[in-house]
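> Here you go, sequence then predicted model.
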Number of protein chains: 2
Amino acid sequence: MKKLAFGVDIGGINTAFGLVDEKGELYGESVISTRAYPAYKDYPRYVADLCEAMLTLVKAVNFEFELIGIGIGAPNANYYKGTIETPANLWKFTADDPVQDESLRMFDFAGDVGKYFPGVPIYVTNDANAATIGEMVYGNAKGMKDFIMVTLGTGVGSGFVSNGQMIYGHDGFAGEFGHVIVERGGRDCGCGRKGCLEAYASAIGIKRTAFELMATMNDPSPLRAISFDDLDSAMLSQAAAKGDPIALEAFRVTGQRLGYALADAVTITSPEAIFLFGGLAKAGDLLLDPIKWYMEENMLFAFKNKVKVLPSGLQSKNAAILGASALVWQNM
Amino acid sequence: MKKLAFGVDIGGINTAFGLVDEKGELYGESVISTRAYPAYKDYPRYVADLCEAMLTLVKAVNFEFELIGIGIGAPNANYYKGTIETPANLWKFTADDPVQDESLRMFDFAGDVGKYFPGVPIYVTNDANAATIGEMVYGNAKGMKDFIMVTLGTGVGSGFVSNGQMIYGHDGFAGEFGHVIVERGGRDCGCGRKGCLEAYASAIGIKRTAFELMATMNDPSPLRAISFDDLDSAMLSQAAAKGDPIALEAFRVTGQRLGYALADAVTITSPEAIFLFGGLAKAGDLLLDPIKWYMEENMLFAFKNKVKVLPSGLQSKNAAILGASALVWQNM
């Protein structure tokens, strides 16, 4: 009988899910809002609604199949425990909650979903790790035993693979490459510290850089007519493609930060390749070229000209669902 | 029959070796000079003399045993190929060598030693990785699946263990933590770049710091009577123990560099513990205290107060031999 796995991607706005076979082919997909369940007390209803929608999708598939597992990508997910732990943007305490103890925002997600799918193995990991495993199972990292995945979205996530295994670390939280410090005492980061890579090299980071450059450079640019709230990284790509000097400089500076930080990461894990994934990675060579240049400029001799920097092979709109489902196939 | 493994530690000055059982007990040890064979053309004679001395040690053991393998720790060693590749201080070209092509200084060490020990498995890795495996097999990392070893000697070496396995990287050269950049455009490093951790946090790095501090501070200190060539890190430990302000500040600054760099490394591999090994680590709390303080000060929330920083359990004089022999036991 055909075997399918669920891939579930929990984002701050939507939760997308679909049934995927071992080749990465999608057999039905659907979505529910995450944003509609923002409060701590909404969590049980969110789980119930999500699982009902998943069961509806199972029934909609018009052939018999075996559901071999559920893979879930979520922020602040703990692979070892199956939990989602104090996620910054999900199920927050509201003013009328009697308790406000952050340590209680610890959700037994695998356990709670499991009640609706008895006997089905459930795996939970953070979204960047899910993308990494997706790359290994379906994408350009097939057959590679040592690589780094960097996800450049609203934040900067990462997954490190060594000896063919995901590095989860002793507590399941490894791979927070977005939070290496690239500028001590630098920009405020969402994590509460200053100078993290994420504050410079995410989709929001490059926007911050563009605004800094509007202050330091005198070149005229249509970007000067756009507010901080309205500007996004796709606009910067378009402007750069037209030769806008501020946008071009923003990509150069962002590539430099990433290139330098990646050269340091290479000294630790010596990967065969580095993959770039996510919204900002869609800028392509605008970002890849300076990353490669500054990474090599700064590389320890032993690693020079040995490490490939490549776009992810899973840039489709379903990449996050595929990545989450890959967790299941990888655990087979 | 009792099983023993050879551990061989190749340093720039001496090559020490010994026969070790699975508990880390040493049954005979010996040493030959490495320095007596400095030139490229000396290499075959070095291998012959080393292997003869090893065979002599085998004969000297007064009970029957099975030699189950040879583990070798050496600079620039490639675990996958068994080679020593263009080592900075070993078997250099002399002026009268007809070729001077650096890429030819590639020694098939496992193969060459193997001719003297037919049928015996031979493993080669760099000295820091050997120390790491020694810690895992005989030392304080027993039973740990995720930890970092940092060796603070003339240079700064490291070994990263994840999922119970050494991270060798795709080419066998991973774990060069001493060459992450901690100060862009900073001090000259032996690797030819500037600002590497090694230039600040090795035994020589702390000496450089002390000399910098003699320039920036006005405090009187007996250290001011000692030349750069004569000062070593043990003298700095002794001075700091007596309250010398320059020595104390040198340890604080060195611990700060290490603590900051380790906080970044923790975000990548999320280890259970970090072990410190080597000459400078003998300074104990003088160095451990500032490392812990600055690492925690700079730690991403998810990892705060979770990662132990500990001295190595193998600080004896035979640690390097034990580490090399552990390669064999780990591969059993």
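Yep, that arrived.
> Distance of the residue in chain A sticking out farthest from the centre relative to A:Gly243?
Relative to the centre of chain A, and counting by C-alpha atoms, centre = their mean, the farthest-placed residue is A:Asn218 at 35.1 Å. According to C-beta to C-beta, to the nearest Å, A:Asn218 stands 16 Å off from A:Gly243. Every residue, glycine included, has its C-beta placed from N, CA and C.
> ok now do the residue of the stretch 51-200 of chain A found nearest chain B, which residues does it touch?
Residue nearest to chain B within the stretch 51-200 of chain A (C-beta to the nearest C-beta): A:Gly169, separated by 2.4 Å. Residues in contact with A:Gly169 (C-beta atoms under 8 Å, 6 or more residues apart in numbering or on different chains) are A:Gly175, B:Asp146, B:Ser162, B:Thr269, B:Ser270, B:Pro271.
> swap the cut-off to 10 Å and go again
Applying C-beta atoms under 10 Å, 6 or more residues apart in numbering or on different chains to A:Gly169 gives the contacts A:79-80, A:160, A:175-176, B:145-146, B:162-163, B:266-272, B:302-303, B:307.
> Of the residues you listed, which qualify as buried by neighbour count?
Buried residues within those, defined by neighbour count using 16 or more other C-beta atoms under 10 Å in any protein chain shown: A:79, A:160, A:175-176, B:145-146, B:162-163, B:266-272, B:302-303, B:307.
> For the closest residue to A:Gly259 other than its chain neighbours, grab the count of nearby residues.
Leaving aside its chain neighbours, A:Gly259 sits nearest to A:Tyr294 (3.0 Å; criterion: C-beta to C-beta, 6 or more residues apart in numbering or on different chains). Neighbourhood size, A:Tyr294 [other C-beta atoms under 10 Å in any protein chain shown]: 21.
> How about A:Lys23?
A:Lys23: 8 surrounding residues under other C-beta under 10 Å.
> Checking it next. Helix, strand or coil?
coil (DSSP: H, G, I helix; E, B strand; the rest coil).
> pLDDT wise, what is it at?
For A:Lys23, the pLDDT comes out at 93.
> list the contacts for the nearest residue to A:Ala239 once chain neighbours are set aside?
Spatial nearest neighbour of A:Ala239, chain neighbours left out: A:Ala247 (3.8 Å); criterion: C-beta to C-beta, 6+ apart. If you count contacts by C-beta under 10 Å, 6+ apart, A:Ala247 has them with A:206, A:209-210, A:213, A:221-223, A:233, A:235-241, A:283, A:286.
> A:Gly169 sits in which helix or strand?
For A:Gly169, there is no helix or strand it lies in under DSSP states H and E.
> Could you tell me the per-residue confidence at it?
pLDDT, A:Gly169: 96.
> Quick check: it vs A:Thr125, distance?
Going from A:Gly169 to A:Thr125 by C-beta to C-beta gives 12 Å.
> what do these two both touch?
Joint contacts of A:Gly169 and A:Thr125 (C-beta under 10 Å, 6+ apart) are A:Tyr79, A:Tyr80, A:Gly175.
> give me the subset of those touching chain B.
When contact is defined as C-beta under 10 Å from any C-beta of the partner chain, the shared contacts of A:Gly169 and A:Thr125 meet chain B at A:Gly175.
> Next up, phi/psi of A:Val156, please.
phi -120, psi 120 (degrees, to the nearest 10).
> so where do the helices sit in chain A?
Per DSSP state H, chain A carries helices over the ranges A:43-60, A:109-114, A:127-137, A:198-201, A:203-216, A:233-241, A:245-269, A:285-297, A:319-330.
> Mean pLDDT added to those helices, as a markdown table?
Listed next are the helices of chain A as a markdown table, based on pLDDT from 0 to 100:
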| stretch | mean pLDDT |
| --- | --- |
| helix A:43-60 | 97 |
| helix A:109-114 | 97 |
| helix A:127-137 | 94 |
| helix A:198-201 | 97 |
| helix A:203-216 | 97 |
| helix A:233-241 | 96 |
| helix A:245-269 | 98 |
| helix A:285-297 | 97 |
| helix A:319-330 | 94 |
